[in-house]
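**Q** Kindly generate the corresponding structure for this input.
(one chain, ligands or ions: 1)
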Amino acid sequence: MLHFTIELGTLKFADEEIAALKKENRFLRPRVLESAQEPVSVIDGRKVVNLTSNNYLALANNPKVKKAAIEAIEKYGVGSAAVRTIIGTMTLHRELETKFSAFKHAEASILFQSGFTSNVAVCQSLMSSEQDLLISDELNHASIIDGARLAKAPRRIYRHKDIKHLTEILETPEARAARRKMVVTDGVFSMDGDIANLDEVVAVAHKYGAFVMVDDAHASGVIGKEGRGTVSHYGLDGQVEIQIGTLSKAFASVGGYAATTVSLRDYMGSVARPFLFSSSQPPSVAATSLAVLDILLTEPRHLKNLWDNTAFLKEELKKAGFDTGASVTPITPIMTAKAVEFSTRLFDEGVFALALGFPTVPKGRERLRTIVTAGHTVKDLEFAVEKFKKVGKELNII
Ligand SMILES: *Cc1c(COP(=O)(O)O)cnc(C)c1O
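**A** Numbering: from 1, shown residues only. Presented below is the predicted three-dimensional model:
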């Protein structure tokens, strides 16, 4: 045991904070994944049906994808050891940017280290003055909230998917006088699994001279033609100025990007702080995303399996009497105040689905969240549903 020589009294606050978190049930102790991220995984020493990851297409342990990563390591090494603007822009980053522009039907794209840093980069660099205005859906992801906090622009929040409220904000004198205005929405909302009304958002934003950023972290590789995302889902090609994507969900590794116009790409490439001050992705990670993109475009069965499994699980959970909220995507919540107990009991029975409480979701909106993948078999899902019913009845949830 390492002994610190500092006066421990000065750090007493940490123990007090932890005690406060524990009292509010907010102290997190993540379970440990002891196998690859698979539809049936070993978690905390137990083999369980895993309904918790964002591994939508079940490609995180796919042989073709792994081979691409290994080959990239052999050829280019394990890291760039530089930020993009120094000498961290590698051939594979460029190739990925070109392919993502085509995939997203955008003029250009710019890669970042994660979805989180992509949102920070866009919000901070484009909303850089007190005279700008950032307008955000109330249920947008934490990384948009933090990106907005780093932006100099004031921010206004509209009620979830409430176009009337968004219009009211755009009609305020403050918005009319703004130098630039950006409306930001998640494409698929990560807690409820509902899809943004992006067609209406774009129409009203453009009417008032605002541009639009959509965060497709849970939509890329999931919705739209060949998994191209929310813009494709609504047929809005060429109308959404910035599409954010992550490479850490359906794309199975880690990273993020903004698919946008040439001028916004070039501008962010000179000023976006995560691009300038944090090193680029390892080449194997870029190679992973290239391999996944290739699979998406040439092997439609993964996307089909994902949606077949989504329909099956949603239907069975509804039939059993669970409240699955507003979801229309592979994210299916089960609304219950007993989420923590439900999750713990299900784990004992061999199923892992995460309980979400405050502050991840609002108080009174606690839930168990399931995310099905393309790789689950009907047998896996039948097993899970049987356990959901058993424990659900035990806890009087159904
Ligand atoms: C997961 C998520 C992110 C963060 O993506 P990472 O690549 O994991 O950093 C950003 N936005 C939304 C909407 C997300 O769900």
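**Q** What's the local residue count around the residue of the chain found nearest the ligand?
**A** Distances between the chain and the ligand by C-beta to the nearest ligand atom are smallest at Gly115, namely 2.3 Å. (Glycine included, C-beta is placed from N, CA and C.) A count of neighbours around Gly115, defined by other C-beta atoms under 10 Å, yields 26.
**Q** What residues are bridge-paired with the closest residue to it other than its chain neighbours?
**A** Nearest residue to Gly115, sequence neighbours excluded (C-beta to C-beta, 6 or more residues apart in numbering): Thr246, at 3.2 Å. Beta-bridge partners of Thr246, counted by DSSP bridges, are Gly256.
**Q** pretty sure Leu293 is touching Lys99, no?
**A** Yes. The criterion here is C-beta atoms under 8 Å, and Leu293 meets it with Lys99 at 5.7 Å.
**Q** picking that back up, which residues sit in contact with the residue of the chain closest to the ligand?
**A** His141, Ser143, Asp215, Ala217, Ile244, Gly245, Thr246, Leu247, Ser248, Lys249, Gly255, Gly256 (C-beta atoms under 8 Å, 6 or more residues apart in numbering).
**Q** What of Ala196?
**A** Asp137, Lys161, Thr185, Asp186, Gly187, Val188, Phe189, Val214, Thr230.
**Q** okay, now the closest residue to the last one other than its chain neighbours: neighbour count?
**A** Of all residues beyond its chain neighbours, the one nearest Thr230 is Gly187 (3.4 Å), with distances taken as C-beta to C-beta, 6+ apart. The local packing of Gly187 (other C-beta under 10 Å) involves 27 other residues.
**Q** what's the answer for the one 5 residues further on, then?
**A** Applying other C-beta under 10 Å, we find 24 other residues in the vicinity of Asp192.
**Q** next one: Ala20
**A** Ala20: 11 neighbours (other C-beta under 10 Å).
**Q** hang on, it in a helix?
**A** Yes. Assessed with DSSP: H, G, I helix; E, B strand; the rest coil, Ala20 lies in a helix.
**Q** And the contacts of the helix or strand where Ile169 lies?
**A** Take DSSP states H and E as the rule and Ile169 turns out to sit in helix 163-170. Here helix 163-170 makes contact (C-beta under 8 Å, 6+ apart) with 135, 156, 158-159, 175, 181, 183, 197, 200-201, 204-205, 207-208, 210.
**Q** so which of those also contact the ligand?
**A** On the criterion C-beta under 6 Å from any ligand atom, none of the entries of these sits beside the ligand.
**Q** Just the ones in strands from the residues you listed, please.
**A** Members of the contacts of helix 163-170 lying in strands (criterion: DSSP state E): Ile135, Arg156, Tyr158, Lys181, Val183.
**Q** Return the member of these nearest to Asn305.
**A** Checking the ones in strands among the contacts of helix 163-170 against Asn305 by C-beta to C-beta gives Val183 as the nearest, at 34.1 Å.
**Q** For the closest one, list each beta-bridge partner.
**A** Ile135, Val212.
**Q** how close does it get to Ala320?
**A** Using C-beta to C-beta, to the nearest Å, Val183 is found at 38 Å from Ala320.
**Q** and what of Glu71?
**A** In terms of C-beta to C-beta, Glu71 sits 46 Å off from Ala320.
**Q** One more: Thr185?
**A** In this view, Thr185 and Ala320 are 32 Å apart by C-beta to C-beta.
**Q** More neighbours: those two, which one.
**A** Applying other C-beta under 10 Å to Thr185 and Ala320 shows that Thr185 carries more neighbours, namely 26 against 17.
**Q** name the element that one belongs to?
**A** strand 181-186.
**Q** Report the mean confidence score over that strand.
**A** Strand 181-186 shows an average pLDDT of 98 in the prediction.
**Q** which strands and helices sit next to that strand?
**A** Using 3 or more C-beta pairs under 8 Å, 6 or more residues apart in numbering; DSSP states H and E as the contact test, the elements touching strand 181-186 are helix 115-126, strand 133-137, helix 142-150, helix 163-170, helix 198-207, strand 211-215.
**Q** Between helix 115-126 and the third one, find me the angle.
**A** Right, helix 142-150. With axes from the mean of the first three to the mean of the last three C-alpha atoms, to 10 degrees defining the directions, helix 142-150 sits at 30 degrees from helix 115-126.
**Q** ok, now the second one?
**A** With the same axes, to 10 degrees as the basis, strand 133-137 and helix 115-126 are set at 150 degrees to each other.
**Q** on contacts alone, who are the packing partners of strand 133-137?
**A** Using 3+ C-beta pairs under 8 Å, 6+ apart, strand 133-137 sits against helix 142-150, strand 155-158, helix 163-170, helix 173-177, strand 181-186.
**Q** How is the residue most central in space within the chain assigned, secondary-structure-wise?
**A** What sits nearest the mean C-alpha location of the chain, by C-alpha atoms, centre = their mean, is Ala217, with 3.6 Å. Using three-state DSSP, the structure places Ala217 in coil.
**Q** Ignoring the adjacent residues along the chain, who's closest to it?
**A** Nearest non-adjacent residue to Ala217 (C-beta to C-beta, 6+ apart): Thr246, at 4.3 Å.
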